[in-house]
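Asks: Build the 3D model from these lines:
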Amino acid sequence: MRRFALALYVCLLVSLVNLAGFAQDSPIGDVARAARAQRSQAPHANKVVTDEDIGPQVGPLSETDDPDEVVNKAAVALKADTQHTCRNELSNNSGPGYYTETIREVAGPDRAHLVINRTRVEPAHSELIVIGQDIYSRSGAGPWVKTAGSSVMPPTPLPEALWNHYSGGEIRLTGRNVIAGTIVFVYETKYHPGGVSGRDRAIEFWIGIKDGLLRRVQMVDSEASSRVTAPTVQRDVTTCSYGQVAEIKPPM
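Replies: Predicted coordinates for the structure are as follows:
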């Protein structure tokens, strides 16, 4: 049971970092890997922004702020914050299609609740609670399993669109919008992963004007295909809210 719980814990965290898993039969998976390799080779800014530099709040923002740095600081702030809820939706239209919803609630430096719902051939549900050094996990409607004395609370996994440090004017400000009552600046970047013209990636970042916190990020990958009329499209959307989270209690 202990090994099962630890394995599920690792799988759930990896699924967050990998955006709940890419479909292996989709060329988009290759696109994502190529993009990550391409971006990892790009020159980075000399200054490294740390959690201590800005803390969980980085606003207010101005239209004259460097868009690259606004997004970079929002990523650091999300990792540092200890009271928020983020919901990720990943979908693509390859083959039978794929949809995964991942919800992560953070209620302190050592408390988190993760829920993953997958829909493909058969629906799947996984859930995990971390409280201090205790891990509680279950699959589907099965019983909770407790593993004690082995948990290390990891930093908040970031959406893939925030994995890399942006620099050199990669991002531009496109306007304002409102999400859940919060006024945001909307930033975007577009490029061809791997330098291939038939592959397109478009990313939008919605960042609160008053606090500089990420409220929404959407990344859309598309690739033209000669085998089908419509291109292969993968959509990855994460929305986050900040503030008091309901108390996370042991489920057993």
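
Asks: residue contacts, the spatially most central residue of the chain?
Replies: By C-alpha atoms, centre = their mean, the chain has its centre lying nearest to residue 159, at 2.1 Å. By C-beta atoms under 8 Å, 6 or more residues apart in numbering, the contact set of residue 159 is 19, 88, 217, 219, 236, 238. For every residue, glycine as well, the C-beta is placed using N, CA and C.

Asks: Quick check: the third one touching residue 158?
Replies: No - Residue 217 sits out of contact with residue 158 when judged by C-beta atoms under 8 Å, with a separation of 9.2 Å.

Asks: List the pairing partners of the helix or strand containing residue 188 within its sheet, with orientation.
Replies: Using DSSP states H and E, residue 188 falls within strand 182-191. Strand 182-191 has the following strand partners under DSSP bridges: strand 172-179 (antiparallel), strand 199-208 (antiparallel).

Asks: buried sites along stretch 235-250?
Replies: Across stretch 235-250, burial judged by 16 or more other C-beta atoms under 10 Å covers 236, 237, 238, 239, 240, 242, 245, 248.

Asks: Next: stretch 176-189.
Replies: Applying 16+ other C-beta under 10 Å to stretch 176-189 flags 182, 184, 185, 186, 187, 189 as buried.

Asks: ditto for stretch 129-140
Replies: Applying 16+ other C-beta under 10 Å to stretch 129-140 flags 129, 130, 131, 134, 135, 136, 137, 138 as buried.

Asks: helix or strand right after the host helix or strand of the second one?
Replies: When you say that, I think you mean residue 130. According to DSSP H and E, residue 130 maps onto strand 124-131. Next helix or strand after strand 124-131 toward the C-terminus (DSSP H and E): strand 134-139.

Asks: quick check: angle from that following strand to strand 124-131?
Replies: 170 degrees (axes from the mean of the first three to the mean of the last three C-alpha atoms, to 10 degrees).

Asks: residue ranges for the helices of the stretch 1-150 of the chain, please.
Replies: Along the stretch 1-150 of the chain, the stretches classed as helices by DSSP state H, counting those that start in this stretch are 2-17, 27-40, 51-54, 67-80.
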